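S.K.: Structure, please.
(chains A and B, ligands or ions: 2)
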Amino acid sequence: MWEYSEKVKDYFFNPKNVGALEGADGVGDVGAIACGDALRLSIKVDPDTQIITDARFQTFGCGSAIASSSALTELIIGKTLDEALKITNQDIADFLGGLPPEKMHCSVMGYEALRAAVANYKGEAWVDDHEEGALICKCFGIDEGYVERTVRANGLTTIEQITHYTKAAGSCGTCIEGVEEVLQKTNAAMVAEGVLAADEAFDPVIAIRPVRRNKSPGKAAPAAAPAAAAGMTTLQKIRLIEQAIAELRPFLQQDGGDCELVDVDGNTVYVKLTGACVNCQMASVTISGVQERLADKLGFPLRVVPVPAGAPAYA
Amino acid sequence: MSTLIDGAMRPVYLDNNATTRVDPEVLEAMLPFFTEQFGNASSMHAFGAQVGGALQQARRQLQALLGCEFDHEIVFTGSGTEADNTAILSALETQSSARQPRDEIVTTAVEHPAVLALCEWLEKTRGVKVHRIGVDAKGRLDLEAYRRALGPRTAIASIMWANNETGTIFPVEQLAELAHEAGVLFHTDAVQAVGKLPIDLKTSEIDMLSLSGHKLHGPKGIGALYVRRGVRLRPMIRGGHQERGRRAGTENAPAIVGLGKAAELAQQWMAHEQTEVRALRDRLEAGIVERVPRCIVNGDPESRLPNTSNIAFEFIEGEAILLLMNQYGIAASSGSACTSGSLEPSHVLRAMNIPYTAAHGSTRFSLSRENTQADVDRVIDVMPAIVARLRELSPFWNEQTASEVQFNPTYA
Ligand SMILES: Cc1ncc(COP(=O)(O)O)c(C=O)c1O
Ligand code: FES
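M.R.: Ligands and ions are numbered 1, 2, ... in the order given. Just a heads-up that it's a prediction; the model follows:
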């Protein structure tokens, strides 16, 4: 079940200002049964003061749609039309103690119904610019259409830019692939339309290479310390490690295996075991053998970590 | 109408197609495998051997429920979803060669996401062609379209045995025959059928079958794939030699033992499911339909799981219904857009062409052997008022005339 605030629950279970309004001065209908939510807002307006004296709602929709509608009526009664029109969907959500991101569209519906009702009262036509795609970033309640429009309007070509402009993908990051997909699709369309150079378009394979975790300096420093204590430069250390491994290799090769140095990071030595060593039950024995041999040679303990063949030297 | 839940009232759980309570006997069977019998079945010592024997017994218990010829036709997996994924991915590899390429999947528009989302991804990333066979308004499969879709490029036909939302049963035995006539491998997602319908795989043409522990009063996170002897299987997860190399990873011994016990109990309760549970479901459905105006029963009344009833309440929305039911301690689920987190109502109801006025208000009641007549009567008691209360709020409903209202939105 959704995480609803106490106030949302209260307004759902005990909604205020329900129903149709006899002799309403303005009526706004938004949404449709097909969309899963719809709201009819009726208002009474004092013609002299332009104050909304009464408001009622009828809603087809989920718990938060009903709560948002009821909250809206409470917020606008007693306000002038101009004051009421300043209310945003965020104000409705705030009034209710917040809404889950998936449910923010419910407050948007209230915001739009008010505009529709006011337009109806003034005898104007009200056209919404409302557009809704699938929600892609749940942390910030951002839908696909919004990302696409922002990419187009600003010629964006990276995820970082999208995050700066829309916040999408800026929090937990689990939506990043979805955002990338929209970016790629939109950029491709822009290239086809001739508004973006092909080599500027986003390509996830080129843009997103595996990255090495940033090691905090606090961690890196002590790792280097023992080497310094042993009075050795990094280069000297690597040479010694290479030498030790070279001495070991003939033994491994006798058993149809081999061992290669991949990388050295502080006191961690990454090696690649190949041939018979890889599947050998004794791989861990081999590794500890290598580790022992290196420690002997260098005079201080090292950690030897095997990397799978073909994998990058970092995790 | 009975009073609001006050803590003392026993909750009524009618969401057994989502998941079931672990049977106390199942739990009891599982517990020793967390404590004394913690060994790894692959180990040489006694700790391991005991566990190995227990896994063997569980496999036999499941074999008995499925009526399969050999116990080694069962591969334990981490979920029903994993079993579905394994079956389809394996077929794409084993059924295709350079001389006879098979890169098409025949499935239905109403499968569980465990099949549909995988197919969609295969379509998008691997150029696999997916035939999604449609259904009629009662959720019955278009047999003619199915027959036409099977062809020399079909790698697998994957058709669910029973639908999780409406309970509609597909004639999988017949569908498997048709597949074999066309030389096509047949898989069924039987996650909702196993434990609720009698199954006898040794006399069936079905090649592969998926099931899940938590739908039959077993634990969550355990499933199984039946792979008929002789059918080739490419493992999805590679590593150790567990499950004869067909599903690597140290066996989840407590869960496997639990699934075995659950299978044994399901077999004992099978007759009860077919009679008592069915009678309770029918009573619930008749009671609601009689008391609530403008509601429609979804699914095929001729061929339906005995425990499932899907009722559409027109002009109101499913999540709101569930929230009010929850106030009375009643748990069910809904095919509405809002409860699924997407903006569309259930793909199953849309495939059946259920009008939007009804789809959003569809509510699924799924019973189990743990439900009683008192449970059902309480639901019948509260539903009319819940529906009436939400219709009072609805702009589409006129109380006086009990009929639909014109609604003219500025946009739709
Ligand atoms: C028809 C069907 N298939 C597959 C699954 C997935 O099973 P599991 O939850 O074990 O992954 C479910 C359960 O939700 C289901 O109802
Ligand atoms: S879902 Fe987009 S950052 Fe969390």
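S.K.: ok, and the closest non-adjacent residue to A:Lys118?
M.R.: One thing to correct before we go on: residue A:118 is Val, not Lys. Nearest non-adjacent residue to A:Val118, counting by C-beta to C-beta, 6 or more residues apart in numbering or on different chains: A:Leu81, 5.7 Å away. Using the backbone N, CA and C atoms, a C-beta is placed for each residue, glycine as well.
S.K.: So the one you found versus ligand 1, what's the distance?
M.R.: 50 Å (C-beta to the nearest ligand atom, to the nearest Å).
S.K.: Surely that residue and A:Lys44 touch.
M.R.: No: at 11.7 Å, A:Leu81 and A:Lys44 do not qualify as touching, with contact defined as C-beta atoms under 8 Å.
S.K.: Report the set of residues contacting both of those two.
M.R.: Common neighbours of A:Leu81 and A:Lys44 (criterion: C-beta atoms under 8 Å, 6 or more residues apart in numbering or on different chains): A:Ile52.
S.K.: rewinding a little: and for the residue nearest to A:Val118, the neighbour number?
M.R.: 20 (other C-beta atoms under 10 Å in any protein chain shown).
S.K.: And for A:Ser5?
M.R.: For A:Ser5, using other C-beta under 10 Å, the count is 16.
S.K.: Chain neighbours aside, what residue packs nearest to it?
M.R.: A:Gly97 (3.6 Å).
S.K.: tell me which element that neighbour falls in.
M.R.: Assigned by DSSP states H and E, A:Gly97 belongs to no helix or strand.
S.K.: What residues does it make contact with?
M.R.: A:Ser5, A:Glu6, A:Lys7, A:Val8.
S.K.: Could you check how far the residue nearest to A:Val118 is from A:Leu99?
M.R.: Per C-beta to C-beta, to the nearest Å, A:Leu81 is found 25 Å from A:Leu99.
S.K.: Give me the nearest residue to B:Val405, chain neighbours excluded.
M.R.: B:Asn398 (4.9 Å).
S.K.: Sketch out the strands for the stretch 151-300 of chain B, chain order is fine.
M.R.: Assigned by DSSP state E, counting those that start in this stretch, the stretch 151-300 of chain B shows strands spanning B:154-158, B:186-189, B:208-212, B:223-227, B:295-298.
S.K.: got the contact list for B:Met160?
M.R.: B:Thr108, B:Val110, B:Glu111, B:His112, B:Val115, B:Phe170, B:Thr188, B:Asp189, B:Ala190, B:Val191, B:Gln192.
S.K.: give me every residue that touches the second one.
M.R.: For B:Val110, the contacting residues are B:Val135, B:Gly139, B:Met160, B:Asn163, B:Glu165, B:Thr168, B:His347, B:Val348, B:Ala351, B:Met352, taking C-beta under 8 Å, 6+ apart as the criterion.
S.K.: those helices in the chain, which residues are they?
M.R.: This is for chain A. A:6-13, A:63-76, A:81-85, A:89-95, A:104-122, A:144-154, A:159-166, A:176-192, A:204-207, A:217-229, A:234-254, A:276-279, A:283-298 (DSSP state H).
S.K.: think we crossed wires, I meant chain B
M.R.: B:24-30, B:46-66, B:80-94, B:113-126, B:143-149, B:172-181, B:253-272, B:278-291, B:318-327, B:337-340, B:347-351, B:356-359, B:373-393.
S.K.: For the nearest residue to B:Thr250 once chain neighbours are set aside, give me phi and psi.
M.R.: Excluding its sequence neighbours, the residue lying closest to B:Thr250 (C-beta to C-beta, 6+ apart) is B:Asn40, at 5.8 Å. Per-residue torsions, B:Asn40: phi -90, psi 120 (degrees, to the nearest 10).
S.K.: What is the burial count for A:Arg56?
M.R.: 22.
S.K.: Quick check: beta-bridge partners of it?
M.R.: A:Ser42 (DSSP bridges).
S.K.: and it, what does it touch?
M.R.: A:Asn17, A:Val18, A:Gly19, A:Ala20, A:Leu21, A:Ala24, A:Leu41, A:Ser42, A:Thr73.
S.K.: Counting neighbours, which of the residues you listed end up buried?
M.R.: Taking 16 or more other C-beta atoms under 10 Å in any protein chain shown as the criterion, what is buried in those is A:Asn17, A:Val18, A:Leu21, A:Ala24, A:Leu41, A:Ser42, A:Thr73.
S.K.: Including pLDDT, could these go into a markdown table?
M.R.: A markdown table is the format used below for those (pLDDT from 0 to 100):
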| residue | pLDDT |
| --- | --- |
| A:Asn17 | 93 |
| A:Val18 | 92 |
| A:Leu21 | 89 |
| A:Ala24 | 92 |
| A:Leu41 | 94 |
| A:Ser42 | 94 |
| A:Thr73 | 94 |
